[in-house]
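>>> 3D model of this:
(4 chains)
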Number of protein chains: 2
Amino acid sequence: MDKRIATIQDVARVAGVSTATVSRTLSKPSVVAQSTRDAVLSAVAETGYRVNSTASNLRRQRKGSAIALVPNLANPFFSQILAGMSAILTPARLGLLVADTQTGTDPDERFAHFLQSGQADGLVVFDGSLSPTALDVPGRPPVIMACEWMAGDLPSVRVDNALGASMAVAHLAEQGHRNIGHVTGPRGNVLTETRRDGFCRAMAEQGLALRPEWIFDGDFSMDSGAAAGRRWLKLASRPSAVFFASDEMAVGFMGAVQHAGVRVPDDLSIVGFDNIDVVAHLTPALTTIRQPRTIIGMRAAELLVEMIEAGSLTGPSEVIEMEFISRKSVAPPKD
Amino acid sequence: MDKRIATIQDVARVAGVSTATVSRTLSKPSVVAQSTRDAVLSAVAETGYRVNSTASNLRRQRKGSAIALVPNLANPFFSQILAGMSAILTPARLGLLVADTQTGTDPDERFAHFLQSGQADGLVVFDGSLSPTALDVPGRPPVIMACEWMAGDLPSVRVDNALGASMAVAHLAEQGHRNIGHVTGPRGNVLTETRRDGFCRAMAEQGLALRPEWIFDGDFSMDSGAAAGRRWLKLASRPSAVFFASDEMAVGFMGAVQHAGVRVPDDLSIVGFDNIDVVAHLTPALTTIRQPRTIIGMRAAELLVEMIEAGSLTGPSEVIEMEFISRKSVAPPKD
DNA sequence: AGTCTCCTTGCAAACGATTACATCGTCAAG
DNA sequence: CTTGACGATGTAATCGTTTGCAAGGAGACT
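The predicted model follows:
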């Protein structure tokens, strides 16, 4: 008797009402009489009934979950964002499904898969390198971009990346730096572009010269930062400060040059981007630009929920404020 | 006509067969004749049909997803584990739902919720502080513990934490250290206990004295490591080496003491635990014990899938091998 | 030719909820 | 007394698949 899990039928029987009434009691309590409501509720308690979300979803043409599609799940950058999303989705009765675009063969194929498979009521996409043409499917769910974005008019939640870069340059210039380098993200990435462009524009605005050999290619990873560090060490004429498109690259870079005896910030000033947790504990602690990750996750989820509930494929975008965090990795240049 | 998404009915009509045949073609192709199979497949292609997983799950009494229940989603430690799980679950046609126990009021309540809500076909639980009594619900899904574990006989996937601790002590002793301290995780945590016990036992085996004032309380976080570092600095008589129950604490500790002018490894040797990404890029790079996180995630997911498919609430446990990684944060003691 | 197997396929009943529509009292207004 | 409105509940169709059971047809064997 305790074997099978209780269904709405069982509750109805125990309460002496129809299943319709049970359903209404649970979803729209206002339309059922007080006395019936009590009877149903106690029957629910007695049977230990919980609504079967699969059945409910089927009937209501819902999936009951949203997907976070990140480029690389193993990247810790996303964990706080997921936490923020989860905080919003849970009360909205949506589960949080996570998936990345790098597992399997073709990222675009995976994107298309999630768009078409109908596993979710909506997607939050963190990978701007996907192809917008995949969006051309008949009953696709609403999609919102976060952090990154792509061509087309999908709503998005992001920071003003160019502004972030100019904050970094302004701070460095203020400290007296005139020779500033930059380590970029991977080619083609929108963040790479906007941060680099912001950097270049800010340099011009500060009246500082841009030296092509001081722009290093990276891919956001610590290893690529370390590689850039090694290239910096070989330079005949070095910039006295470097701005990084990601904290992780700054960490890798700093490790590499410190290894070679370079002192930060005495010999070299460093400004990162993102404010990942670890940078506050490095020696020296890193000056960086904070992207409020939890908030980004929350806002993206909120906007997505609104789109889902409105049944709309479009919605507003939002720009989240960043914060410049000054720590110990910047000092005036030596001479 | 392109408006509504195609159902199995549409495919059946186009292919001139019954829905049963379509279903069988897709799930058990071997039982349908070659010619019919072709007809169905081309009808599928023509209509753009994709099976509605909600309906399918309802009929098959499946939920179509597994939940990873972590203590704190914002902790990057889990991102690689999730990636490993995802790699296994996706081919098994299971989505990966993530949730943490710290959102909301009571962790045990949330645990119970996921156990009863029937949102998932199975759970992978990473929080050993939950109450096993919550498991006493009729018809609950299979559960497997990973990394941490709790009283009772739930299957689990984990490393031999005590062994890890003794690897650290052995290495330090080999380098000549006789005065070794330890920074623990949060009180009551199983990892804290087993790593501390392993540390104490290993010290005894090496014939080294245990000094209670050299055991610092931490909680796995960088901040708590930094706090321990500050306490270490105040010590009249300091251990020449410290073993940490987590890399994050080691990072915080090292930052704090370096800040005060202490040189690692010349003045102090450090061994961490976990091998999180960043430690390879610190100055000095940290010696640590690697927990293969991707593999832990994969094995946990694999075992869970087996339990789900067997409809069993129990299954085998597994111990994953660790690896001692020697970097630059350990040197012989000075005198 | 009759019967017995297989191999394929179709029929129709689930799966468990939601909800448009119908029904039934009850009560107030005409 | 009749009629209408309204509030509360029940009836039953529906969401899109899967699958046990039965039936049709084609050989094969006696």
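
>>> CA only for contacts and neighbour counts going forward, please
OK.

>>> Next, A:Gly104: secondary structure please.
The local conformation at A:Gly104, judged by DSSP: H, G, I helix; E, B strand; the rest coil, is coil.

>>> Next one, pLDDT for it please.
Per-residue pLDDT puts A:Gly104 at 70.

>>> same thing with A:Ala162?
In this prediction A:Ala162 is given a pLDDT of 97.

>>> check contacts around the closest residue to it other than its chain neighbours.
Nearest non-adjacent residue to A:Ala162, counting by Cα to Cα, 6 or more residues apart in numbering or on different chains: A:Gly198, 3.9 Å away. Applying Cα atoms under 8 Å, 6 or more residues apart in numbering or on different chains to A:Gly198 gives the contacts A:161-166.

>>> likewise A:Val124?
A:66-69, A:143-146, A:300-301, A:304.

>>> Dump those into TSV; add distance to chain B as well.
Below are those laid out as TSV (distance: Cα to the nearest Cα, whole Å):
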residue	distance to chain B
A:Ala66	9
A:Ile67	9
A:Ala68	10
A:Leu69	12
A:Val143	18
A:Ile144	19
A:Met145	20
A:Ala146	17
A:Ala300	17
A:Ala301	15
A:Leu304	17
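
>>> Please, where are all the strands along chain A?
A:65-70, A:95-100, A:122-125, A:143-146, A:156-159, A:180-183, A:215-216, A:241-244, A:269-271, A:288-290, A:318-320, A:323-325 (DSSP state E).

>>> Please state the offset of stretch A:289-300 from the chain centre?
Put simply, stretch A:289-300 sits 7 Å off its chain's centre (Cα atoms, centre = their mean, to the nearest Å).

>>> likewise stretch A:23-32?
37 Å.

>>> Kindly report the same for stretch A:104-121.
18 Å.

>>> For that stretch, which outside residues touch it?
A:62-67, A:101, A:123, A:130-131, A:134-135, A:137, A:139-142, A:308, B:50-54.

>>> coming back round to it: which one of the contacts of A:Gly198 is nearest B:Pro292?
A:Asn161 (34.8 Å; Cα to Cα).

>>> and the closest one, how many residues sit next to it?
26 (other Cα atoms under 10 Å in any protein chain shown).

>>> Likewise for A:Asp10?
Using other Cα under 10 Å: A:Asp10 sits among 16 other residues.

>>> Disregarding residues adjacent in the polypeptide, which is nearest to it?
A:Thr47 is the one closest to A:Asp10 (Cα to Cα, 6+ apart), at 7.5 Å.

>>> what separates that neighbour from chain B, distance-wise?
11 Å (Cα to the nearest Cα, to the nearest Å).

>>> With A:Gln80 instead?
4 Å.

>>> Now for that residue: which residues touch it?
A:293-294, A:297, B:73-75.

>>> mind redoing it with 10 Å?
Taking Cα atoms under 10 Å, 6 or more residues apart in numbering or on different chains, we find A:Gln80 in contact with A:86, A:276, A:292-297, B:72-76.

>>> Tell me who's in contact with A:Leu135.
A:111-112, A:115-116, A:141-143, A:152, A:154.

>>> before we move on, back to that, can I get the contacts of A:Val124 in CSV including neighbour count, pLDDT and distance to A:Ile270?
Formatted as CSV, those follow (neighbours: other Cα atoms under 10 Å in any protein chain shown; pLDDT from 0 to 100; distance: Cα to Cα, whole Å):
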residue, neighbour count, pLDDT, distance to A:Ile270
A:Ala66, 28, 93, 38
A:Ile67, 25, 93, 36
A:Ala68, 27, 94, 32
A:Leu69, 22, 93, 31
A:Val143, 27, 95, 36
A:Ile144, 26, 97, 33
A:Met145, 23, 97, 30
A:Ala146, 27, 97, 27
A:Ala300, 30, 97, 31
A:Ala301, 30, 96, 33
A:Leu304, 29, 95, 37
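
>>> of those, closest to DNA strand D?
The closest of the contacts of A:Val124 to DNA strand D turns out to be A:Ala66 (Cα to the nearest atom of the strand; 18.7 Å).

>>> and the closest one, bridged to which residues?
A:Leu96, A:Gly122 (DSSP bridges).

>>> How much space separates the closest residue to DNA strand D within the stretch 201-335 of chain A from DNA strand C?
Evaluated by Cα to the nearest atom of the strand, the stretch 201-335 of chain A has A:Gly311 as its residue closest to DNA strand D, separated by 15.9 Å. Note on A:Gly311: its distance to DNA strand C, by Cα to the nearest atom of the strand, to the nearest Å, is 14 Å.

>>> which residue sits closest to that residue, ignoring its sequence neighbours?
That would be A:Pro142: by Cα to Cα, 6+ apart, it lies 7.9 Å from A:Gly311.

>>> residue contacts, the one you found?
A:66, A:115, A:120-124, A:135, A:154-155, A:304-308, A:311-315.

>>> can you give me the helices for chain A?
A:8-15, A:19-27, A:34-47, A:53-60, A:79-89, A:107-117, A:161-174, A:190-205, A:222-234, A:247-259, A:293-310 (DSSP state H).

>>> Show me what the fourth one is packed against.
The helices and strands touching helix A:53-60, judged by 3 or more Cα pairs under 10 Å, 6 or more residues apart in numbering or on different chains; DSSP states H and E, are helix B:53-60.

>>> Now do the helix it packs on against strand B:65-70, angle only.
Calculated by axes from the mean of the first three to the mean of the last three Cα atoms, to 10 degrees, helix B:53-60 forms an angle of 100 degrees with strand B:65-70.

>>> ok, back up a step: any chance of the strands of chain A in a markdown table, with distance to B:Leu282 too?
A markdown table is the format used below for the strands of chain A (distance: least, Cα to Cα, whole Å):
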| stretch | distance to B:Leu282 |
| --- | --- |
| strand A:65-70 | 27 |
| strand A:95-100 | 28 |
| strand A:122-125 | 32 |
| strand A:143-146 | 30 |
| strand A:156-159 | 29 |
| strand A:180-183 | 19 |
| strand A:215-216 | 21 |
| strand A:241-244 | 17 |
| strand A:269-271 | 15 |
| strand A:288-290 | 17 |
| strand A:318-320 | 31 |
| strand A:323-325 | 21 |
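
>>> looking at these, which has the lowest confidence?
Least confidently modelled of these is strand A:95-100, at a mean of 87 by mean pLDDT.

>>> ok, now which ones touch the nearest residue to A:Pro332 once chain neighbours are set aside?
Nearest non-adjacent residue to A:Pro332, counting by Cα to Cα, 6+ apart: A:Gln175, 5.0 Å away. The contact partners of A:Gln175, taken as Cα under 10 Å, 6+ apart, are A:169, A:269, A:330-333.

>>> Can you tell me which of the residues you listed has the most neighbours?
A:Val169 (30 neighbours).
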